[in-house]
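*Asks:* When you get a sec, could you give me coordinates for this:
(one chain, ligands or ions: 1)
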Amino acid sequence: MPRSTVARIDLEALRHNYRLARERAGDARVMAVIKADGYGHGIRQVARALAGEAPRYGVACLEEAMAVRKEGLAQPVVMLQGTHAPEDVALCADQGFQPVMHSDYQLAWLRDAPSTPDFWLKVNTGMNRLGFPADDLTGRVEPLLASPALKSALQGFVTHFACADDHDSSFTLEQTRCFKAAVSPWPDLERSVANSAAHFFPGQELFDWSRPGIMLYGASPIIGVTGPELGLRAAMTLEAPLIARRVLKAGDSVGYGSSWVAEKETPMGIVAVGYGDGYPRHAGTGTPAAVNGKRIRLIGRVSMDMLAVDLSEAPETQAGDRVELWGNQVSVDEVAGHAGTIAYELLTGVTARVPRLYP
Ligand SMILES: *Cc1c(COP(=O)(O)O)cnc(C)c1O
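*Replies:* You can find the predicted model right below:
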């Protein structure tokens with residue numbers, strides 16, 4: 001019998017979240033971002049589940065775009081990091097992949113390639129990771145437009161927000177203004193700015209294509225707000241069995257470092273999940289979990305293959321009962337908060353040891 005530590009994937013929740021993104025996107029079309037193995041949910045299954053809804057997919061790299069094609073799906077796939085090698089350009093053209101080019105060396109590859117894929121240009125409006133300078137776009141765009149093949153392949157412009165998760169920051173507005181001004185000479189080309197957070201940013205313009213990722217999986221893109229509070233449903237439930245129980249006496253400690261010590265008699269359980277499964281080691285005492293419909297809390301240190309929980313709130317719990325580490329009862333955003341990280345890292349970090357189960 002395999003261990004029953006699993007990640008249950010709810011593809012209906014994924015579709016619900018995609019539809020919420022579409023509602024919030026207004027007139028913009030919504031490209032489903034499914035990079036990093038569909039944020040840990042399984043890129044093949046996620047792509048297939050959204051195939052009836054999403055007109056386009058967004059991924060980071062060529063391997064991920066190929067995974068979509070191998071599922072037999074025909075939608076264009078936008079490669080958000082562009083191409084990594086010159087020979088990939090013709091492959092993109094052949095496969096219907098749309099690289100987002102961010103550097104001059106990639107434009108040279110485009111010019112020299114035997115065939116031209118539809119492509120985008122990345123504009124740097126302040127994130128300062130990738131992109132052509134907003135104040136020097138003309139020098140890139142005009143030479144491209146001079147070539148008929150490149151002109152008909154150029155889809156438009158992409159930029160990425162640095163602070164859209166923070167409603168108190170004015171930087172998103174600044175980036176939007178910068179972007180609009182930079183691309184205004186080419187009104188016939190398309191524009192794409194929005195990550196998940198931008199779908200919830202008050203008054204934000206989303207232009208032609210939005211690019212939600214994290215919200216599709218039910219986690220929150222906004223600081224201090226959880227996914228369920230935004231109307232999102234958890235697409236992943238990380239679940240593991242309780243495999244032992246004991247009653248600690250006052251003064252007993254538990255786990256490595258004996259870091260947690262019982263102040264009073266405490267029923268406790270051991271759950272078969274740990275950082276070897278991608279559960280964050282930095283989630284300390286007090287991190288919530290759920291069992292038998294009740295919320296419980298972690299105690300002591302997370303180890304590689306197990307962790308300890310305080311069963312005071314669910315004393316009837318038996319070995320074999322299933323504990324939810326995150327899902328619809330305990331949002332992954334809450335766990336991330338306790339671990340000093342973000343849901344993105346937890347979802348993409350569930351290791352290969354944990355089988356993903358699909359309905
Ligand atoms: C990952 C990514 C997205 C999606 O971001 P979320 O915050 O997960 O919605 C959108 N655009 C680009 C360029 C990305 O790299």
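
*Asks:* Remind me what the lengthiest helix in the chain packs against, helices and strands.
*Replies:* In the chain, with assignment by DSSP state H, the single longest helix is helix 11-25. Counting by 3 or more CB pairs under 8 Å, 6 or more residues apart in numbering; DSSP states H and E, the packing neighbours recorded for helix 11-25 are strand 29-30, helix 43-49. Heads up, the C-betas are built off the backbone N, CA and C, glycines and all.

*Asks:* Next, format these as CSV and append mean neighbour count.
*Replies:* Shown next, in CSV, are the helices and strands packed on helix 11-25 (neighbours: other CB atoms under 10 Å):
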stretch, mean neighbour count
strand 29-30, 21
helix 43-49, 22
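
*Asks:* Reformat those as a markdown table; add mean pLDDT.
*Replies:* Formatted as a markdown table, the helices and strands packed on helix 11-25 follow (pLDDT from 0 to 100):
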| stretch | mean pLDDT |
| --- | --- |
| strand 29-30 | 98 |
| helix 43-49 | 98 |
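
*Asks:* Quick one: closest of the ones you listed to the ligand.
*Replies:* The ligand lies closest to strand 29-30 among the helices and strands packed on helix 11-25, at 10.9 Å (CB to the nearest ligand atom).

*Asks:* How about the residues of this structure by the ligand?
*Replies:* The chain comes close to the ligand at residues 33, 35, 80, 160, 195-197, 211-214, 221, as judged by CB under 6 Å from any ligand atom.

*Asks:* can we see that at 5 Å?
*Replies:* 33, 80, 160, 195-196, 211-214 (CB under 5 Å from any ligand atom).

*Asks:* As TSV, the residues you listed with distance to Leu50 and secondary structure would be great.
*Replies:* Converted to TSV, these look like this (distance: CB to CB, whole Å; DSSP: H, G, I helix; E, B strand; the rest coil):
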residue	distance to Leu50	secondary structure
Val33	11	strand
Leu80	17	coil
His160	21	coil
Asn195	17	coil
Ser196	15	coil
Arg211	13	coil
Pro212	11	coil
Gly213	12	coil
Ile214	15	helix
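
*Asks:* contacts for stretch 67-84?
*Replies:* 31, 33-35, 43-44, 47-48, 51, 54-62, 64-65, 89, 92, 95-103, 106, 109, 118-120, 122, 130, 158, 211 (CB atoms under 8 Å, 6 or more residues apart in numbering).

*Asks:* What residue in the stretch 51-200 of the chain comes nearest to the ligand?
*Replies:* For the stretch 51-200 of the chain, CB to the nearest ligand atom, closest residue to the ligand: Ser196, 3.1 Å.

*Asks:* Please tell me I have it right and that residue contacts Arg24.
*Replies:* No. Using CB atoms under 8 Å, Ser196 is not in contact with Arg24, being 9.5 Å away.

*Asks:* can you pull the contacts of the one residue in the chain that gets nearest to the ligand?
*Replies:* Going by CB to the nearest ligand atom, the ligand is nearest to Gly213 of the chain, at 2.5 Å. By CB under 8 Å, 6+ apart, the contact set of Gly213 is 33-35, 39, 58, 195-196.
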